[in-house]
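**Student:** sharing a sequence plus its predicted fold:
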Amino acid sequence: DTGVSQDPRHKITKRGQNVTFRCDPISEHNRLYWYRQTLGQGPEFLTYFQNEAQLEKSRLLSDRFSAERPKGSFSTLEIQRTEQGDSAMYLCASSLVAAVRGTGELFFGEGSRLTVL
Amino acid sequence: DQQVKQNSPSLSVQEGRISILNCDYTNSMFDYFLWYKKYPAEGPTFLISISSIKDKNEDGRFTVFLNKSAKHLSLHIVPSQPGDSAVYFCAAITKGGKLIFGQGTELSVKP
């Protein structure tokens, strides 16, 4: 198993464009999380899934953000009409529900860095 | 509303000495507390966790202490090694399984 994979690793876009990030979790992990991290801050929760069901979405997220996990495996995070304030590292993590409830351990990918010009 | 806080953005210690990283939280309903370690250009990696019903958990050079009355936890690294230099995030997990992170403390261990 190669761990959590995220693509692309780095995306540069112009303000107003749409971007999409993909996350491939560790095989058979039923929980999948998206976080956003800016410089000097800790990861900020965006949303999470159990299989294909989206369990919670942060109130901080505007309607420009949407995430899907259509078949309970990979997930996509789309940002529409990007703004400069969206520039950040977008982190994906996965785990098993039992592990989350046991020790809370999540396995993170290396992240997708977004730069909005 | 920052539910998990790390008030020290950085810490510098000498190799071989103890590193103590601190974290405060506001929500008494958290189930577990965790520490993650992050190197540049990598995602955070799990280091150690502690259940809210315990007050200490030890794993090799790493020990986490939980003081529920003070809503405070700390990570002790003994002895500190240069390879421990990284950003350390304190995190708490809700009953629903959502992780909430602190702002991070950058540890620098000098040879």
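**Tutor:** Thanks, I have it.
**Student:** distance of residue B:46 from residue A:26?
**Tutor:** 13 Å (CB to CB, to the nearest Å). (Each C-beta comes from the backbone N, C-alpha and C, glycine too.)
**Student:** overlap in contacts of those two?
**Tutor:** residue A:107 (CB atoms under 8 Å, 6 or more residues apart in numbering or on different chains).
**Student:** quick one, what contacts residue B:45?
**Tutor:** Remark: with contacts taken as CB under 8 Å, 6+ apart, residue B:45 is in contact with A:108, B:36-38.
**Student:** pull the most distant pair out of these.
**Tutor:** For the contacts of residue B:45, the farthest-apart pair by CB to CB is A:108 and B:37; their separation is 10.9 Å.
**Student:** buried residues in the least confident helix or strand in chain A by mean pLDDT?
**Tutor:** Ranking every helix and strand in chain A by mean pLDDT, DSSP states H and E puts helix A:97-102 at the bottom, with a mean of 78. Using 16 or more other CB atoms under 10 Å in any protein chain shown as the test for burial, helix A:97-102 gives A:99-101.
**Student:** ok, the contacts of residue B:45 vs residue B:81, which is closest?
**Tutor:** Taking these together and measuring to residue B:81 by CB to CB, the closest member is residue B:37, at 12.5 Å.
**Student:** sec struct for that closest one, please.
**Tutor:** Classification of residue B:37 using DSSP: H, G, I helix; E, B strand; the rest coil returns strand.
**Student:** residue contacts, it?
**Tutor:** Contacts for residue B:37 (CB under 8 Å, 6+ apart) come out as B:44-45, B:47, B:86-89.
**Student:** per-residue confidence at it?
**Tutor:** Per-residue pLDDT puts residue B:37 at 96.
**Student:** part of a helix, is residue A:85?
**Tutor:** Yes - the assignment for residue A:85 is a helix, going by three-state DSSP.
**Student:** ok, it to residue A:36 distance?
**Tutor:** 11 Å.
**Student:** my guess is residue B:20 contacts residue B:74. True?
**Tutor:** Yes - with contact defined as CB atoms under 8 Å, residue B:20 counts as touching residue B:74 (5.7 Å).
**Student:** thank you kindly, that will do.
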